[in-house]
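Colleague: My questions concern the predicted model and sequence given below.
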There are 4 protein chains.
Amino acid sequence: MSGNSIGQNFVVTTFGESHGVALGCIIDGCPPGLELTVEDMQHDLDRRRPGTSRYTTARREADEVKILSGVFEGKTTGTSIGLLIENTDQRSQDYSDIKDTFRPGHADYTYQQKYGMRDYRGGGRSSARETAMRVAAGAVAKKYLKQVHGIEIHGYLAQLGPICAETIDLTQIEQNAFFFPDASKLEALDEYMRGLRKSGDSIGAKITVAATGVPVGLGEPVFDRLDADIAHALMGINAVKGVEIGDGFGVVTQKGSEGRDLMSPEGFASNHAGGVLGGISSGQPVVAHIALKPTSSISVPGQSMTVQGNTVDMITKGRHDPCVGIRAVPIAEAMLAIVLMDHLLRHRAQNQDVVRQTPVIGMR
Amino acid sequence: MSGNSIGQNFVVTTFGESHGVALGCIIDGCPPGLELTVEDMQHDLDRRRPGTSRYTTARREADEVKILSGVFEGKTTGTSIGLLIENTDQRSQDYSDIKDTFRPGHADYTYQQKYGMRDYRGGGRSSARETAMRVAAGAVAKKYLKQVHGIEIHGYLAQLGPICAETIDLTQIEQNAFFFPDASKLEALDEYMRGLRKSGDSIGAKITVAATGVPVGLGEPVFDRLDADIAHALMGINAVKGVEIGDGFGVVTQKGSEGRDLMSPEGFASNHAGGVLGGISSGQPVVAHIALKPTSSISVPGQSMTVQGNTVDMITKGRHDPCVGIRAVPIAEAMLAIVLMDHLLRHRAQNQDVVRQTPVIGMR
Amino acid sequence: MSGNSIGQNFVVTTFGESHGVALGCIIDGCPPGLELTVEDMQHDLDRRRPGTSRYTTARREADEVKILSGVFEGKTTGTSIGLLIENTDQRSQDYSDIKDTFRPGHADYTYQQKYGMRDYRGGGRSSARETAMRVAAGAVAKKYLKQVHGIEIHGYLAQLGPICAETIDLTQIEQNAFFFPDASKLEALDEYMRGLRKSGDSIGAKITVAATGVPVGLGEPVFDRLDADIAHALMGINAVKGVEIGDGFGVVTQKGSEGRDLMSPEGFASNHAGGVLGGISSGQPVVAHIALKPTSSISVPGQSMTVQGNTVDMITKGRHDPCVGIRAVPIAEAMLAIVLMDHLLRHRAQNQDVVRQTPVIGMR
Amino acid sequence: MSGNSIGQNFVVTTFGESHGVALGCIIDGCPPGLELTVEDMQHDLDRRRPGTSRYTTARREADEVKILSGVFEGKTTGTSIGLLIENTDQRSQDYSDIKDTFRPGHADYTYQQKYGMRDYRGGGRSSARETAMRVAAGAVAKKYLKQVHGIEIHGYLAQLGPICAETIDLTQIEQNAFFFPDASKLEALDEYMRGLRKSGDSIGAKITVAATGVPVGLGEPVFDRLDADIAHALMGINAVKGVEIGDGFGVVTQKGSEGRDLMSPEGFASNHAGGVLGGISSGQPVVAHIALKPTSSISVPGQSMTVQGNTVDMITKGRHDPCVGIRAVPIAEAMLAIVLMDHLLRHRAQNQDVVRQTPVIGMR
C-alpha cells in the first residue's frame, strides 16, 4: 500500500492537486446497506470549505462532491465508492511566482528533491486543498459510526495563539466561524485576527477532537494501537506538529497516583487516559489534541532560495488562511472517524464470534 | 497486515508475552549483504535491559538474542530474519494477585474486554517487555542506516517529572543511568528517584530522539508522511501519550514569521520543523519528542474492580520501574530507526531511477 | 488494503459499475518523470473496447480516459494519478429482467448473499466493464517498463474452443480481431463464431501472455513469488478458471530430466520454467497461460432461481461477447504489466544498493 | 508487507532456511478462545514430514513444533502466536558441492542474482523445508474453520506422472503413503516409483484440494477474489506451475450451455465453477487443482554453470523426493485453509452487521 491510502479494512485512497482538474477518493471496505447521499458529505465539506468567513482564504470553491460508484438506490453496495470534487476556482496565475522559488516553511523544496520535479501551482499535492476528500470520506465513516454504533465525533478549536477556550460549551462550536466552544472569547478572537491580517502574519492553533460512544475493545496491539493509529492520522494533516491523547504532555510532570484512572463497576472515575488503555479503547470518550503551526504563506518577507540556487527575499502572495487551524476542525474529525471506522471493522474481523459468547464485565 | 507488524518494505513483526516462553520477531525486507551479529543487537538490548541500575525494575533478564535465520556467513541474505529471546526470570507467582483484578491504568481491563480473556501473567502481551524485540529489530535498522547512509540516531531523557535538562550534552547520555544529557542535574535526579521509591509512587518523563544525516526526500504524502509514521511508531510505545515533531505544541502560540525556517543555498537558518516539511524529510536532523506517563504499578493504593464486578482497593506489587521513561530511550531510538529504514526503502522503490538523473538543488 | 487494490509499491485501486456514472482508478507509487498522455492509455483501451468487431458485444463505449491528477506538464509527478472514464452507453433498461433473477454462471447470487443487496444493472461491479481501468493502469506500467527497462509485454489468443494456434506469428496478432497469431486459422475462427451466434451459445478460450526483457531478480519469496503474484493477478480477471506458468499442467507427466532448463554461460537451453525459478525471474521471458470460461450470458435457456426463491427458466438477453476470451488479451497484458511493475519497485527497494556492488554472474 | 507474509486479517509470516538453526512463524489475527495444542499441528506436520515412507526423501526431521506465545491455559489469546521448529538433521556437508554451482531447475541462480549472495546449504530459504511452517499455521486455520464453521479441507494426489486416480474414494487417502484416493492403482504407483528411483529420475504430479462447508460470500472483488487469492497461495508452493479452480483448463473447449451451473432453490445442479462465482464463494465445495513439476534434483547428469561462469555437467546428490507432489498434499491443504480463514475474517469485517439483518435467499 502506498502513501495515499489509509486504513486496513476501511481504506481511503485519495488523489488531486490544488489546481488540477479535480480531487477524488476511493473508499474501499464500507459496509453495505448504509444510506448515503451527497448531502451526508456536503455538510462537513461546507464546514471545511474556503471562503465562508472573513477569517479564512478568499478562494471560492463550491466543493460539490459527486458519488460515482458504490451506491445504488440510495444505499452503499459494499463495492468501492468513488467520489469526485471538481476544482473550479483555480487561478493558476496567482502562483506563477513560486515556480522558481521555494517558499520557506512549505513543501516546495522537499517535493522538488524527492521527485525531481513538482507541480508548483498552489502547492500541488502538498496543498491543504487535498483534505477536502478526507472530509468527504470521513463523513461516510461518521454516518456509519453514528447510525450503527451510536458513536459521535466532535472537534473544536481549543486555542488560537494566546487565546484559550476556558469554558467548553459544545453547543457553541457550530455557532461561530472559529469552531470555538467559549463564546466569551469570540470578540477577542475577532480582534486578534484583524491585527494578524493587518501585520500580514499568521498564527498557530490547538484543536481538540473527541469521540463518544466508542465501545471497549478497538485497537490492535502492539503497533496498530488505537492511539498510535490516531496519531498517524492526525499527524498526517497538513501543518500538524504535535498529537496528544488524553492528558498528553501533561503526564510528564504527573505522578502515578495522580494520573491513573481509578475504576469501579460504576465506571472510571476520570479520563486522564483519553479513552485508550494499552492501545485499546476503554469505553470512555476518546480524546485527542493537535497542534497546528501557523501557515508560512505570509506577507512578511523572508529569506529563501530559488530553484537555480540563489538567495531571494520572498513574500507569499495569494489567498491564505491566517490561521489554518480553524478550518482543520472538520479535517481532524474526519481523520478520527476514519481511524475508528477501520478499527471497528478490524476488531470484529478477529473477535466477533468468540467475544459474543463471553459475558462483558460489569462496567456501566 | 495485522497489528503486530510495522512497516511496508522493511517489516518488523513481533510476538511474545511478559511471562511466556520467549519473545521473537521477524524482520522482512532487510537488504542483503549487511554484516550482522548478535553483538550488533546486544548493545541496545543491554541499554534497555531491566535490572541494570537501581532506578529500574529488579527483574533480571539476560535478554540474549539469537539469530535463527536470514544471516549466512555473517551477512544478511535478503530473506526473513528470525530473532529470539528466551524468557528466563519469569516468576509467575509474583503476579497471581492480578488474575482476578483489573489494575487501574493498565491494559488488563481492555484486553479482557477485547479478547474475552487475557494472559494475566505480568501483563502478558501488554507488558513493556515486548519492546525488547523492537530494540533488537531497531538495532538492525540502525546499523544499516549508519553504515550505508551515515544516518545516526540518538535519544535522551529530556525531562523527568519536574527536572528538565537545560544543557544538552550528547556525550553525557551514555555516562549515566538516566540517559540524561545534563550532568549538573544528576544528583537532583538521584534524590528525586529516592523520594519516589520511598513514597511508592512513579513519575512521567519526556524523551527526545533525533536522527542526523537523513537525506532529503523520505516520506510518502499524503497519509504516510514521515512525521505521521514517526508519530504512529512512537505513540505505539507503551505509556506514550504525546508526540511532537520539531517545535511541537510550541507552534500553537507561534506566528508564521517566527516559526518558518528560512533557507538559502547555505542551508536552513533554523530547524523549527524538526526536519520534516510537507511530510518529507528536509535534510535537516529529524527531531521528535514524546511524553511518557508514570507507570500505574505503584504501591499507593487505588480503587479498582475485580473480574467478578466488585470494587477493591489495590496495591500493585512486583518489580516495576518508578519511571518507565528512562528505559524508553533505546526503544524510541529503535522505533525511529525502523521508520527511517522503511521510508528509505519506500523512497527508492519509487524514485531512485528518475531522481538519479535530476541534479539535486544546491543546498549544502 | 481491501479488495479493490492490487500491488504493494505500485498500487492500483479501482471503482465503477457497468451502468454507474463512471469508472475510475488511482495509481499510487508511479515513479516521477515518466511522460504520460491519454494517448498512451487510449491505444490499449481501444483494443479492449467493446463494439469494435462483430465478434464482440454491440455495446458502444468511447472509453475515453481522462487524467485528473498526478501529471504536470506532460510528466508524472510521483503523486497519485487519478483516471476517469465516463459511462455513456448504459441502457439500464436492457437489464431490468435480471433484477429479480439470479443468472446462472454469474455473480448475481454471490453478490446478493455477500452484501445483502446488489447493483443488478448490467452486473454492476461484477461486470467485465470494470477491467477498462485495469487496462488504463496497465498501460502506464507498460510504458514505464518499456521505456526505462526495455521490458515488452505481448498477449495473444492461443485457443478458441477447438481451434488452436499452431503457428505463433506475433506480427499477426494486431492484424485481426481475434488477437490470433496463426493467420491460417482466421477463416475457421470466423466460421466458428458465426455458428456460435446462430446457436446463441458461447465458447471458452486460452490466452498466452509473455514479457520479454525482464531482468533477473524480480519476485519476493516465499509468498509473493513472481509467479504467485502473476497467478493472483490473472486469476482475478473475470471468467478465468486456470493459470499456468511456463509448461503449466504439462509438468504433471514430465520427468525431471525432461523439464529442467539446462544452463551455461551462454544462457538457458530452454524455458520450461516460463522465466521463473524459485519464484524469482530468471532473465528469460516470463510466460503465462490462462483459461477463460465461456460467458454464461447466452440465449440458450437455463434453469435458475428468483430472488424470491422460485425456479425459472432463463434466457440472458442483452449485448454479450460470445467469447469473452478475445477481449481479455489486453486485460491479461495489463495485469502482467502491473505485477512486473510492482515487483520491479519492490526489488529495488530491498536490493538496489548492495546488489549494485556485486558483479552479476556471467550469463548473457 | 513484504514477501514472507500472507493474508490481510489472518496473517502468517515465516522464516527459516533448510539448514539453518530453526524454522518459525508468527500467526497474527487469530481469533481468541480457540483451544490449541501442539498436537493440533503435529498431525499435519507428520503428514508432511520427510522420511516417513520409502517414496520420499531420507532426511529425518522430528519436526516438533513449539508454541512460544499467543496461547494461555490452552486457548488462543488473540495476540500473535509464535511457533518454532528446530532443525535437527542438517548435514551441511551433503550440499557442499552446490556452493559453487547453480543446480539447473533450482533457485540457486535467481537467489544469487537477486540478493548478490545465497545460503547454499540445502537450498537455504528456497528449500521446500520452509513449507513446514505453512503446514503448522494451516493447522490452526483448519481447526478454527472446522470447529467454528464446520468447514473441512481435504487434498489428495490426483495424478502422478501417467497414473491418474479414476475413483475418488476419500477414505483411502490417509490409508496409503501417496495420499491417493484410488486403491486399485497403488501397486502401479509403487512399481512406477521403483522404476524412477532406479533411473535416478523424478516425476510431476497433480493434486486436488477441496473445502466443504464454505459459506456463501467469501472473497473480495475485484482483485482479491477468493479464487485469485487461492491461486496466489497455491502457486506460491514450491514446484507448482499451474492452478485451476473447478473445471480449470477444461473450460477452454466448453460451451456456455455446458459449463454454467444451473440453480434452483434446491441448490446448484453441478459445480463446474469449483465453488466460486464472480470471485465469491457460492456455498458449494471450493475445488482447486495444482500441477507440480518433477524435482530437478536428480542423478541424471545435466549441463549447468558455476558461480565463476564455467560450464559443468552436474549430478545433484543428496536426499530428495522423486515426486515432490506427494508431500505437497498437506501443504496445499494448509494454504487453502489460510486463504479461507483470512477471507472469513475479511468478510465479516465488512459485512457482518448489515448482512445479519438481511434474510439469506432460500437455497439449501
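Modeller: On my side now, so go ahead. Numbers count the residues shown, from 1 in each chain, chains lettered A, B, ... in the order given.
Colleague: can we go C-alpha only for contacts and neighbour counts from here?
Modeller: OK.
Colleague: can you map out the helices along the stretch 101-250 of chain A?
Modeller: Secondary structure of the stretch 101-250 of chain A (DSSP state H, counting those that start in this stretch): helices at A:108-115, A:131-149, A:186-199, A:226-235.
Colleague: can you tell which of the ones you listed is closest to A:Gly24?
Modeller: With Cα to Cα as the measure, helix A:131-149 is the member of these nearest A:Gly24 (6.3 Å).
Colleague: Now do the phi/psi pair for A:Asp28.
Modeller: For A:Asp28, the backbone dihedrals (degrees, to the nearest 10) come out as phi -120, psi 130.
Colleague: how about the nearest residue to it, chain neighbours excluded?
Modeller: A:Ser80 (4.6 Å; Cα to Cα, 6 or more residues apart in numbering or on different chains).
Colleague: picking that back up, mind putting the helices of the stretch 101-250 of chain A into TSV with mean neighbour count, mean pLDDT and distance to C:Gly246?
Modeller: Below are the helices of the stretch 101-250 of chain A laid out as TSV (neighbours: other Cα atoms under 10 Å in any protein chain shown; pLDDT from 0 to 100; distance: least, Cα to Cα, whole Å):
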stretch	mean neighbour count	mean pLDDT	distance to C:Gly246
helix A:108-115	26	95	38
helix A:131-149	22	97	44
helix A:186-199	14	95	69
helix A:226-235	31	98	44
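Colleague: Quick check: which ranges of the stretch 1-150 of chain A have low pLDDT?
Modeller: Residue ranges of the stretch 1-150 of chain A with pLDDT under 70: A:1, A:51-52, A:58-59, A:90-96.
Colleague: on that earlier part again, what sits against the residue nearest to A:Asp28?
Modeller: A:Ile26, A:Ile27, A:Asp28, A:Gly29, A:Cys30, A:Ser69, A:Gly70, C:Asn4, C:Thr14, C:Phe15, C:Gly16 (Cα atoms under 8 Å, 6 or more residues apart in numbering or on different chains).
Colleague: Let me see the contact set for A:Asp291.
Modeller: Wrong residue type there; residue A:291 is Ala, not Asp. A:204-207, A:240-243, B:248-252.
Colleague: Out of those residues, which comes closest to A:Lys99?
Modeller: Nearest member of the contacts of A:Ala291 to A:Lys99, counting by Cα to Cα, is A:Val240, at 25.2 Å.
Colleague: quick one: that closest one and B:Gly248, what's the gap?
Modeller: For A:Val240, the distance to B:Gly248 (Cα to Cα, to the nearest Å) stands at 8 Å.
Colleague: Pick out whichever of these two has more residues nearby.
Modeller: Legend: neighbour count by other Cα atoms under 10 Å in any protein chain shown for A:Val240 and B:Gly248, higher for A:Val240 (31 against 25).
Colleague: Tell me who's in contact with the closest residue to the more buried one other than its chain neighbours.
Modeller: Distances taken as Cα to Cα, 6+ apart put A:Leu292 closest to A:Val240, at 4.3 Å, once the chain neighbours are dropped. Shown in contact with A:Leu292 (Cα under 8 Å, 6+ apart): A:204-207, A:239-242, A:324-325, B:249, B:251-252.
Colleague: Quickly name whichever of the residues you listed is closest to chain C.
Modeller: Using Cα to the nearest Cα, A:Ala239 comes nearest to chain C of these, at 19.0 Å.
Colleague: wait, the closest one sits on A:Ile290?
Modeller: No: taking contacts as Cα atoms under 8 Å, A:Ala239 lies outside contact range of A:Ile290: 9.9 Å.
Colleague: rewinding a little: in TSV, list the contacts of A:Ala291 along with pLDDT.
Modeller: Shown next, in TSV, are these (pLDDT from 0 to 100):
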residue	pLDDT
A:Gly204	97
A:Ala205	98
A:Lys206	98
A:Ile207	98
A:Val240	98
A:Lys241	98
A:Gly242	98
A:Val243	98
B:Gly248	98
B:Phe249	98
B:Gly250	98
B:Val251	98
B:Val252	98
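Colleague: on that earlier part again, so A:Ala239 and A:Ile290 - more neighbours on which side?
Modeller: More crowded of A:Ala239 and A:Ile290, by other Cα under 10 Å: A:Ile290, with 33 against 27.
Colleague: any low-confidence regions in the stretch 251-364 of chain A?
Modeller: For the stretch 251-364 of chain A, the stretches with pLDDT under 70 are A:317-319, A:354-364.
Colleague: try 50 this time
Modeller: Along the stretch 251-364 of chain A, no part satisfies pLDDT under 50.
Colleague: Could you pick out the residues of the stretch 101-250 of chain A near chain C for me?
Modeller: Counting by Cα under 8 Å from any Cα of the partner chain, the residues of the stretch 101-250 of chain A close to chain C are A:Tyr115, A:Gly116, A:Met117, A:Arg118, A:Asp119, A:Arg125.
Colleague: List the buried residues of the longest helix seen in chain A.
Modeller: The single longest helix within chain A, with elements called by DSSP state H, is helix A:324-357. Neighbour-count burial for helix A:324-357, counted by 16 or more other Cα atoms under 10 Å in any protein chain shown, picks out A:324-352, A:354-355.
Colleague: Please name the nearest non-neighbouring residue to the residue of the stretch 1-150 of chain A found nearest chain D.
Modeller: Residue nearest to chain D within the stretch 1-150 of chain A (Cα to the nearest Cα): A:Pro31, separated by 4.9 Å. Distances taken as Cα to Cα, 6+ apart put D:Gln350 closest to A:Pro31, at 4.9 Å, once the chain neighbours are dropped.
Colleague: do the same with A:Pro221
Modeller: Using Cα to Cα, 6+ apart, the nearest residue to A:Pro221 is B:Gly3, at 5.5 Å.
Colleague: And for A:Arg134?
Modeller: Nearest residue to A:Arg134, sequence neighbours excluded (Cα to Cα, 6+ apart): A:Ala334, at 6.4 Å.
Colleague: Let me see the contact set for that neighbour.
Modeller: Counted by Cα under 8 Å, 6+ apart, A:Ala334 has contacts A:Arg134, A:Val135, A:Ala136, A:Ala137, A:Gly138, A:Ala139, A:Ala141, A:Lys142.
Colleague: what number of residues lie near the nearest residue to A:Lys75 once chain neighbours are set aside?
Modeller: Spatially, and ignoring its direct neighbours in sequence, A:Lys75 is nearest to A:Glu35 (4.3 Å; Cα to Cα, 6+ apart). The number of residues packed around A:Glu35, counting by other Cα under 10 Å, is 17.
Colleague: next one: the one 10 residues further on
Modeller: Residues contacting A:Leu45 under the criterion other Cα under 10 Å number 24.
Colleague: For it, give me its contacts.
Modeller: Going by Cα under 8 Å, 6+ apart, A:Leu45 touches A:Asp63, A:Ala132, A:Val135, A:Ala136.
Colleague: That one is in what secondary structure piece?
Modeller: Assigned by DSSP states H and E, A:Leu45 belongs to helix A:38-48.
Colleague: Dump the C-alpha coordinates for that helix into CSV.
Modeller: Taking C-alpha atoms only, helix A:38-48 is exported to CSV below (Å, rounded to 0.1, in the frame of the first residue of the first chain):
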residue,chain,number,x,y,z
VAL,A,38,-24.1,13.7,-1.3
GLU,A,39,-25.8,15.7,1.4
ASP,A,40,-24.3,13.4,4.0
MET,A,41,-20.9,14.6,2.9
GLN,A,42,-21.7,18.1,1.8
HIS,A,43,-22.4,19.3,5.4
ASP,A,44,-18.8,18.6,6.5
LEU,A,45,-17.4,19.8,3.2
ASP,A,46,-19.1,23.1,3.7
ARG,A,47,-17.7,23.4,7.2
ARG,A,48,-14.2,22.9,5.8
